[in-house]
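1. Structure here, sequence nowhere to be found:
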């Protein structure tokens, strides 16, 4: 896997570059940013939703189920006092003709999301200062 490089284009903006791709983050205005992009933490949460989305989309496509109307909603339960998310609810709005026989299987498949797996079994972190 290619390394991620972090650049600082101004203000509180942070750009993350990985190969030919980049993502911009920023902070809210009340936190000194320009609010032109998601915060790093919102981007982290968005990666969970995106992972769930691609897993669900792939599940339907593999079974030739029409994906029109497929929607993933993610609701984090954020504890302001503890400054952390206590739980995350993922809601899958299935297409109109989604076969009921696949409901429990889809829930199991959503557990295969790579981002979620890394939250359950997190990697070790090593810091190096040059």
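-> Good, I have the coordinates. Please read all numbers here as calculations on a predicted model, not as lab measurements.
2. Helix, strand or coil: sort out the residue nearest the centre of the chain for me.
-> The centroid of the chain falls nearest to residue 47 when counting by C-alpha atoms, centre = their mean (1.6 Å). Secondary structure, DSSP: H, G, I helix; E, B strand; the rest coil: residue 47 is helix.
3. what sits against it?
-> Going by C-beta atoms under 8 Å, 6 or more residues apart in numbering, residue 47 touches residue 115. C-betas here are computed from N, CA, C, even on glycine.
4. measure it to residue 113 for me?
-> 10 Å (C-beta to C-beta, to the nearest Å).
5. Residue 52 belongs to a helix?
-> Yes. Residue 52: assigned to a helix according to three-state DSSP.
6. Secondary structure class of residue 78, three-state.
-> Three-state call for residue 78 (three-state DSSP): strand.
7. if I pick it, what's in contact with it?
-> 84-86 are the contacts of residue 78 under C-beta under 8 Å, 6+ apart.
8. For these, which single residue is the most surrounded?
-> residue 85 (14 neighbours; other C-beta atoms under 10 Å).
9. wait, is residue 106 part of a helix?
-> Yes. Under three-state DSSP, residue 106 falls within a helix.
10. Helix or strand: which one has the residue lying closest to it once chain neighbours are set aside?
-> Excluding the flanking residues, the one nearest residue 106 by C-beta to C-beta, 6 or more residues apart in numbering is residue 59, at 5.8 Å. Using DSSP states H and E, residue 59 sits within helix 40-62.
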